[in-house]
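# this one's sequence-less:
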C-alpha cells in the first residue's frame, strides 16, 4: 500500500536519552514534515525538508534533530535537550506544489 | 509569522443538527486552504481544499467550506451531522508567497450525540 509509515507506535524515553522516531514514505513525495501535537495546541511544525540533504527548522526545533539522506526517509531524533518531549508526533509528506499533506499514524512518546 | 485561529475548541451537537466551524487566518498574501479531519484512532486526512476559483468548495462526506477573502476566513459547514462525524477538525493555511509556509489551527473537537 502507498503511504507513510511511522514507527514505533509507542516509545518511552528515559531521562538523558536520545530517541529516534522513524518515518518512511513510498509516495515519491519531495517534501516531508514533522509535527508535534499537544492537546489544545494543534499541530506545531518541528522540522521540514523540501528535498534530499536539505531541511529547515520549524517553530519548535529546539531539542530535536533530523536527517534526510534518502527521499523516502525523514527520521526525527528527540534529544536529551528537549525537556518536555511527551507528545504525539506526526510525520507528513507532500508534493512540493499544492502542498496537500499526507500523514502517518503517529508515534506517542512518553518519558519514564 | 502567520497564524490560524479556530474559534471553538469543543462543539457538541445532536444528530441532524447543522454544523459550522470557524477558521480565520492572519496572512494577507496568496493562500491555499485546507480542512483536515482526525477520526478517533485514525490518521489525519484531508477533508477538503481550496486552491483557486469558486470560493465554495465541497469535500467528502457532505462537508463544504467557503473562502471569504475579505474576512480571511474559511469556515467549514455541514447541513446535517451524523454520529460518525465525531472527530477532531483542523484548519490549515499554506502561504504561497511566504516560502510555502503551512500553519495549522489548534483544532476543534466535534462530538455528535446519537
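All right, it came through fine. On a predicted model such as this, the values are computed, not experimentally measured, just so you know.
# use CA for all of it now, contacts and neighbours both
OK.
# tell me the bridge partners for the nearest residue to residue B:24 once chain neighbours are set aside.
Excluding the flanking residues, the one nearest residue B:24 by C-alpha to C-alpha, 6 or more residues apart in numbering or on different chains is residue B:73, at 4.4 Å. Taking DSSP bridges as the rule, residue B:73 bridges to residue B:24, residue B:68.
# kindly report the same for residue B:88.
Residue B:88 has the following beta-bridge partners by DSSP bridges: residue B:38, residue B:109.
# who's in contact with it?
B:37-39, B:107-110 (C-alpha atoms under 8 Å, 6 or more residues apart in numbering or on different chains).
# quick check: the residue nearest to residue B:24 touching residue B:27?
No - the pair residue B:73 / residue B:27 is not scored as a contact, 10.7 Å apart, by C-alpha atoms under 8 Å.
# hang on, the earlier thing: who's in contact with the residue nearest to residue B:24?
Counting by C-alpha under 8 Å, 6+ apart, the residues that residue B:73 touches are B:22-25, B:66-67.
# chain A: which of those is nearest?
residue B:23 (13.0 Å; C-alpha to the nearest C-alpha).
# what's the pLDDT at that closest one?
Taken from the predicted model, the pLDDT recorded for residue B:23 is 97.
# does it touch residue B:93 like I think?
No - if you go by C-alpha under 8 Å, residue B:23 and residue B:93 don't touch, sitting 9.8 Å apart.
# which neighbours do these two share?
By C-alpha under 8 Å, 6+ apart, residue B:23 and residue B:93 have these common neighbours: residue B:4.
# between those two, who's got more neighbours?
A direct count of neighbours by other C-alpha atoms under 10 Å in any protein chain shown for residue B:23 and residue B:93 places residue B:93 higher, at 28 against 25.
# give the contact list for the residue in chain B positioned nearest to chain A.
Nearest residue of chain B to chain A (C-alpha to the nearest C-alpha) works out as residue B:106 at 3.6 Å. Neighbouring residues of residue B:106 by C-alpha under 8 Å, 6+ apart: A:40-43, B:4-6, B:9, B:90.
# now the two most distant members of these.
The distance between the two most remote of the contacts of residue B:106 (C-alpha to C-alpha) is 14.1 Å, for A:43 and B:9.
# what about these two, which has more around it?
Neighbour count, other C-alpha under 10 Å: between residue A:43 and residue B:9, residue A:43 has more, with 22 against 15.
# list the strands paired with the one helix or strand in chain B whose mean pLDDT sits lowest, with their directions.
Across the helices and strands of chain B, mean pLDDT, DSSP states H and E gives its lowest value to strand B:101-104, namely a mean of 88. Each strand paired with strand B:101-104, and its direction, by DSSP bridges: strand B:87-95 (antiparallel).
# I'm done for today, thanks for sticking with me.
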